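[1] for reference, the sequence and a predicted model appear below.
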Amino acid sequence: MKSLKYGMNTHIIPGFAPLDIAANDFNTTHVKVNNALSYACLLAFGVITADTINITVEESTAAATTGAEAIGFGYRLSGDTATDTWGALTTCDSLGATITANDDNKMLWIEVDLAEMSTDCNYLSVLGVTGASMSACVVSAVSFLETRYGQYDPVSTT
């Protein structure tokens, strides 16, 4: 192999390993985006029982939820498992997007326009707020940064 296309030009950051959120909110790793051209996050959902998950993207000045503000983003929801389909690009404001029990075993692709972030904010994270009656839901998250300068050992984003 002569090169690592995704290994050089895309910085792949584990958000969190598969975890059963079962009526517990979740937050991905805070990613420093000031040296990036673009940011995306892929959430993979297993079976979702009985309730909804509200997904928002938060910007902040530090790698912490203190002082974080929700911002708008674009997203696409995949089709069912074993299909090669994705829903249309949808944009939402800071209120976020809702994932329901009908979205079992789907993936949510999120993209943020970094030019629309506040000038003093350098960090992004994805937050999921679950309904109180949810009894099970396995979720995992991975973030992707398109770096300004490709390299085998990307600059830390934390």
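    Arrived safely.
[2] so what strands line up beside the longest strand anywhere in the chain?
    The single longest strand within the chain, with elements called by DSSP state E, is strand 36-48. As defined by DSSP bridges, the strand partners of strand 36-48 come to strand 107-112 (antiparallel), strand 137-147 (antiparallel).
[3] can you give me the mean pLDDT across it?
    Strand 36-48 shows a mean pLDDT of 93.
[4] in it, what's buried?
    In terms of neighbour count (16 or more other C-beta atoms under 10 Å), strand 36-48 has its buried residues at A36, Y39, A40, C41, L42, L43, A44, F45, G46, I48. Every residue, glycine included, has its C-beta placed from N, CA and C.
[5] ok so, going back, could I get the strands paired with strand 36-48 as a markdown table with mean pLDDT?
    Conversion of the strands paired with strand 36-48 to a markdown table gives the following (pLDDT from 0 to 100):
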| stretch | mean pLDDT |
| --- | --- |
| strand 107-112 | 97 |
| strand 137-147 | 91 |
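[6] okay if I get those strands as CSV plus distance to I99?
    Below are the strands paired with strand 36-48 laid out as CSV (distance: least, C-beta to C-beta, whole Å):
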stretch, distance to I99
strand 107-112, 7
strand 137-147, 9
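[7] as JSON lines, those with distance to F16 and mean neighbour count would be great.
    Converted to JSON lines, the strands paired with strand 36-48 look like this (distance: least, C-beta to C-beta, whole Å; neighbours: other C-beta atoms under 10 Å):
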{"stretch": "strand 107-112", "distance to F16": "14", "mean neighbour count": "20"}
{"stretch": "strand 137-147", "distance to F16": "5", "mean neighbour count": "20"}
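[8] the most centrally placed residue in the chain pairs with what?
    Centroid-nearest residue in the chain, with C-alpha atoms, centre = their mean: C41, separated by 3.2 Å. In this entry, C41 is beta-bridged to I110, S143, by DSSP bridges.
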